[in-house]
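Peer 1: Can you look at this prediction? I've put the sequence above it.
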Number of protein chains: 2
Amino acid sequence: MLSKKTKYAINALVYIAKNKHEQPISVSKISEEQNIPLKFLESILTELKNARILNSKKGKYGGYSLNGTTEEIHMAQVLRLFDGAIALLPCVTYRFYERCEECIDEETCGIRQIAMEIRNETVKRLKAATLEDIIEREKILKK
Amino acid sequence: MLSKKTKYAINALVYIAKNKHEQPISVSKISEEQNIPLKFLESILTELKNARILNSKKGKYGGYSLNGTTEEIHMAQVLRLFDGAIALLPCVTYRFYERCEECIDEETCGIRQIAMEIRNETVKRLKAATLEDIIEREKILKK
DNA sequence: TTATACCCTACTAATTTGGTAGGAATAATA
DNA sequence: TATTATTCCTACCAAATTAGTAGGGTATAA
């Protein structure tokens, strides 16, 4: 399951992407429009900024804007940032590798292979889920 | 990520399946062979019994045996039992449906559609991952 | 210079995870 | 029938994670 943090982050990013003509957008605006607790959202956007997914501008009329195009930013990035590894097992992740303590032989572990196949498929789809793709899907669904 | 409970459960099931000629098998035997804390494993096997995935036999020379063939028992069942929903969002699960509180319109939510596609693919693969399949994969990997 | 924003450091309550402890009930066998 | 090996049942618990809140400090445009 995605954490609320991840869901909030994606919703905020999609919102910013949809309103790119009026950037930067303030936290309070996003908070109101997207139903996200203000202070919590503040910390989320700070993390997105530190990860260079967003740009920020301080002071009056400041706010956040995308750092990159809507085709470059995708769900896999956001998910890894807030929820960590995407895979079902720590031993099949690339960035967050860890051995399963209870595992007797990683090389011949049957569920490891299955977890790897699922991860590959999932990551492929999450990378394809760019902001552009999400917005496009919503347009089609609205018809 | 799979919880330890789920991993322990799968390892125990695979172990029981591999040794089906000497059933029933006691918790202590599985605990030793599979590196799983005894008391914790006890509670896991009780849950598997309550879910009718295992049979139990009380008293001396008692223990657990599979309730069903190795082709019938698969990872999706076990995962749902211990970790709940498989999907990334509560609004795309069949058995554990819940609305996302923050969601503005479920019908036109772009990430919902993506989550649904990922769930379908993942469930398909987890259902194909029967005990038989896991054991077969391990045989091939050992060569 | 003032109002509007982001930035930073703490704190916290509730839930989940990964167990442990102790004994009662049951069944095989000597 | 006593012993022993096993499952079954209830209760407890510590650590980690999640989903926030509180309270200012700091930068900047008008």
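Peer 2: Perfect, I can see it now.

Peer 1: Can you report phi and psi for residue A:26?
Peer 2: Backbone torsions for residue A:26, taken as degrees, to the nearest 10, come to phi -80, psi 160.

Peer 1: my bad, should have said residue A:65
Peer 2: phi -140, psi 160.

Peer 1: nearest spatial neighbour of it, skipping sequence neighbours?
Peer 2: Nearest non-adjacent residue to residue A:65, counting by C-beta to C-beta, 6 or more residues apart in numbering or on different chains: residue A:23, 3.9 Å away. From N, CA and C alone the C-beta is placed, and that goes for glycine too.

Peer 1: show me what contacts that neighbour?
Peer 2: Contact analysis of residue A:23 by C-beta atoms under 8 Å, 6 or more residues apart in numbering or on different chains lists A:16, A:63, A:64, A:65, A:66.

Peer 1: Just grab the bridge partners of the second one for me.
Peer 2: Beta-bridge partners of residue A:63, counted by DSSP bridges, are residue A:57.

Peer 1: In this structure it contacts residue A:29, no?
Peer 2: Yes - in this structure, residue A:63 is within contact of residue A:29 by C-beta atoms under 8 Å, at 7.4 Å.

Peer 1: Looking at these two, which is more packed in?
Peer 2: Neighbour comparison, residue A:63 and residue A:29: the larger count goes to residue A:63, with 21 against 16 (by other C-beta atoms under 10 Å in any protein chain shown).

Peer 1: From residue A:28, how far out is the more buried one?
Peer 2: 9 Å (C-beta to C-beta, to the nearest Å).

Peer 1: Just want the most central residue of chain A.
Peer 2: Chain A has residue A:78 as the residue nearest its centroid, 1.9 Å off, counting by C-alpha atoms, centre = their mean.

Peer 1: what's that one in contact with, if anything?
Peer 2: If a contact means C-beta under 8 Å, 6+ apart, then residue A:78 has A:6, A:9, A:10, A:13, A:48, A:53 as its contacts.

Peer 1: of all those residues, which comes closest to chain B?
Peer 2: Chain B lies nearest to residue A:10 out of the contacts of residue A:78, by C-beta to the nearest C-beta, at 5.8 Å.

Peer 1: Neighbours of the closest one, how many?
Peer 2: Residues near residue A:10, counting by other C-beta under 10 Å: 23.
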